[in-house]
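# Requesting a structural model of the entry that follows:
(one chain, ligands or ions: 1)
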Amino acid sequence: MERLSIAALAGTGHKVALQRDQLEPGIVHLGLGAFARAHTAVFTEDAMLAADDPQWGIIGVTQRSDAVARQLTPQDGLFTVDERGEGAAPARIVSSIVEAISGRDNPDLVVERIAAPATKIVTLTITEKGYRFNPQTRNLDLDDAETIADLGGRPPRTTVGQITRGLQQRCRTGAGPVTVVSCDNLPGNGELTGTLVRNFAEALPAGESDDLLAWIAANVAFPSTMVDRMVPATTDGDLAAVERELGLRDEAAVVAEPFKQWVIEDNFAADRPRWEESGALFSNDVAAWESAKLRLLNASHSMLAYLGLAVGMETIADAVEVDAFRTACRSMMLEEALPSITLPAGMDGEQYCDEVLRRFANPALGHTTAKVGSDGSQKVGLRLLTTVRGTLDAGREPKWAALAVAAWMHHVAGAPATELNDPLAKELQAVLPEDRTADTVVPALLGFRPVVEPYLAGHETFKALLLHWYRIIDNNKASDNRLASLGN
Ligand code: CS2
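Numbers count the residues shown, from 1 in each chain. So this is what the prediction gives:
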């Protein structure tokens, strides 16, 4: 089957929406995974179309593997977004990516692109672990071997290293101001990114550091954003479905739910796309949007993933159909998460929770429990322990959030070392005892400092809840009664 490309499309009924010869590369995007293609690239294409403003072509950079760059390059950067579920639009070809680079293989080129005068924006979707920060201090982890190597002056391989070296080159060449836009599920993601970049700059030799820090302060903005769209990993079956629809082979196609949302702090150092014309919301209240999303949607997602994994369920859609699991999610959101956050003006909390559960139930999405359950060490603290803490501080028991944390612990203890998909898999296995029961696993993981703060680790109520739930999950794992006793 012929491969998708601009030339190949000419022979089909499908068209590229943008006038590609007019696009200018105004954005460098770091982390070219499925999410970025289904979210950032779509919003940007729509903004360019709506505002007739072609200066926001995207240079996409893959971070850990070169696979997506290899898929997109022969396709002229084109790829399909195939929406799944109620209200899905027909498959659409997105044309906002003008170049795809493997950051692993061409780190110097990444720095050069960030430093190019045409670049006005650097966007990031690198997932939580890509930031290489210490979650307790929210500073760059200066013990991280890759960060140390980048600070030593090699062509940078960490994202923070690439951004900072790019900024350093902009400062030297007078390439002008630039905005760095984090689009990951982290509270205060803009402020965090700014801190990490400054930490990197501060750790450079004094002569380099001082000028750079002053230049960054005057020329770089780090707005925070909240992003939302469920985008599962693309399967071979998805690629085959797109091929049937398109009549061409698209190796870079992505599937996504119809829903998408982007809330952006209006804090830009230079020009920006008219993203508001493609449905993004500019707001001064991004922190409230982000905590609502993390502690309602992402927290429930993680809960369903770990409960689902405990009973051998493959998808989130299956897990949310289990009455006990859905009720546990709802109760966690309504009784524990909602009372411990301040919602953005105009958001109806209960409606939001119902909508989240409805989106999880989308049977066509095939979002796997394994994918959502991956990288738990990076997610559990932000999504769940925040609610545990908030509920305890309010003098109540975080019963349901503790269930989700116990289910994570059960997953970590149950997964053989090679299967645990987590950047701290080795460290987690190292603290786990041979004999894995509630009484040994719960204290061991409560003592795992990269995830659990000392206050919670020593909290007796929390520990008792974890032990209670862990035993229930453990006793049910081999039976098929689907943890039906959860409510008891
Ligand atoms: C999910 C998110 O994989 C995960 O951890 O919870 O990727 C989730 O699908 C998105 O944040 C939805 O916007």
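
# Any idea how many residues pack against the nearest residue to A221 once chain neighbours are set aside?
Counting by C-beta to C-beta, 6 or more residues apart in numbering, A221 lies nearest to A269, which is 3.9 Å off, once chain neighbours are set aside. Glycine gets a C-beta too; all of them are placed from N, C-alpha and C. As a burial measure, A269 scores 19 neighbours (other C-beta atoms under 10 Å).

# how many other residues sit next to the residue nearest to A51 when sequence neighbours are not counted?
Excluding its sequence neighbours, the residue lying closest to A51 (C-beta to C-beta, 6+ apart) is R274, at 3.9 Å. R274: 15 surrounding residues under other C-beta under 10 Å.

# Report the contact partners of R274.
Listed by C-beta atoms under 8 Å, 6 or more residues apart in numbering, the contact set of R274 reads A47, A50, A51, D53.

# now swap in G447 and tell me
Taking C-beta under 8 Å, 6+ apart as the criterion, G447 is in contact with V431, A457.

# for the one 10 residues further on, same thing?
Under the criterion of C-beta under 8 Å, 6+ apart, the neighbours of A457 are L446, G447, R449.

# Flag the least confident of these.
Ranked by pLDDT, these bottom out at R449, which has 95.

# Next, the contact list for the residue nearest to A221, please.
Contacts here follow C-beta under 8 Å, 6+ apart; on that basis A269 touches P177, V178, T179, N219, V220, A221.

# Those residues in helices, which ones?
N219 (DSSP state H).

# farthest pair in the contacts of A269?
The span of the contacts of A269, defined through C-beta to C-beta, is set by T179 and N219 at 9.8 Å.

# If you count surrounding residues, which of these two has more?
In terms of neighbours (other C-beta under 10 Å), T179 is the more surrounded of T179 and N219; the figures are 22 against 18.

# What distance do you get for that one to the ligand?
22 Å (C-beta to the nearest ligand atom, to the nearest Å).

# and that residue, what does it touch?
K120, I121, V122, V220, A221, F222, P223, N267, F268, A269, A270, R272.

# three-state assignment of the closest residue to the ligand within the stretch 1-150 of the chain?
Per C-beta to the nearest ligand atom, F35 is where the stretch 1-150 of the chain lies closest to the ligand, at 6.8 Å. Per DSSP: H, G, I helix; E, B strand; the rest coil, the local secondary structure of F35 is helix.

# nearest residue to it other than its sequence neighbours?
Closest to F35 by C-beta to C-beta, 6+ apart is V231, at 4.7 Å.

# Tell me who's in contact with that neighbour.
A34, F35, A38, H39, V254, V255, A256, E257.

# Kindly recompute the last result at 6 Å.
Residues near V231 by C-beta atoms under 6 Å, 6 or more residues apart in numbering: A34, F35, A38, A256.

# Ok, P156 next?
Taking C-beta under 6 Å, 6+ apart, one finds P107, D150, Q162, R165 in contact with P156.

# Any stretches of the stretch 101-250 of the chain with poor pLDDT?
Residues of the stretch 101-250 of the chain meeting the criterion pLDDT under 70: none.

# Let me know the helix or strand that M226 is in.
strand 225-228 (DSSP states H and E).

# and if you look at V28?
Using DSSP H and E, V28 falls in strand 25-30.

# Just give the strands next to that strand in its sheet, each with its orientation.
Note on strand 25-30: by DSSP bridges, its sheet partners are strand 57-62 (parallel), strand 121-124 (parallel).

# ok, N106 - how many residues close by?
Each residue near N106 was counted by other C-beta under 10 Å, and the total is 16.

# For the stretch 101-250 of the chain, which residues are neighbours of the ligand?
N185, D228, R229, M230 (C-beta under 6 Å from any ligand atom).

# Output these in TSV; the columns should cover distance to A394 and neighbour count.
Shown next, in TSV, are those (distance: C-beta to C-beta, whole Å; neighbours: other C-beta atoms under 10 Å):
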residue	distance to A394	neighbour count
N185	24	23
D228	27	19
R229	32	19
M230	30	23
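
# Out of the residues you listed, which comes closest to D250?
Checking these one by one against D250 (C-beta to C-beta), the nearest turns out to be R229, at 19.1 Å.

# quick one: that closest one and P258 touch, right?
No. R229 lies out of contact with P258 (C-beta atoms under 6 Å); the separation is 9.1 Å.

# pretty sure V263 is in a strand, no?
Yes. Secondary structure of V263 (three-state DSSP): part of a strand.

# which intervals of the stretch 251-400 of the chain have sub-threshold pLDDT?
Within the stretch 251-400 of the chain, no stretch has pLDDT under 70.

# picking up where we left off before, contacts made by the strand holding V28 with the rest, please.
For strand 25-30, contacts defined as C-beta under 6 Å, 6+ apart pick out 36, 55-61, 98, 113-114, 118-124, 126, 159.

# State the pLDDT value of R482.
52.

# Could you report the neighbour count for the residue of the stretch 301-450 of the chain found nearest the ligand?
In the stretch 301-450 of the chain, the residue that lies nearest the ligand is H301 (3.7 Å; C-beta to the nearest ligand atom). With neighbours defined by other C-beta under 10 Å, the count for H301 comes to 27.

# what sits against it?
The contact partners of H301, by C-beta under 6 Å, 6+ apart, come to V372.

# With just CA atoms, put the helix or strand that contains it into CSV.
Per DSSP H and E: H301 is located in helix 299-310. Extracted C-alpha coordinates of helix 299-310, given in CSV (Å, rounded to 0.1, in the frame of the first residue of the first chain):
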residue,chain,number,x,y,z
ALA,A,299,-6.8,10.4,39.8
SER,A,300,-9.8,8.3,38.8
HIS,A,301,-8.1,7.1,35.7
SER,A,302,-5.2,5.8,37.8
MET,A,303,-7.6,4.3,40.3
LEU,A,304,-9.4,2.4,37.5
ALA,A,305,-6.1,1.3,35.9
TYR,A,306,-4.8,-0.3,39.1
LEU,A,307,-8.1,-1.8,40.2
GLY,A,308,-8.5,-3.1,36.6
LEU,A,309,-5.0,-4.5,36.6
ALA,A,310,-5.7,-6.3,39.9
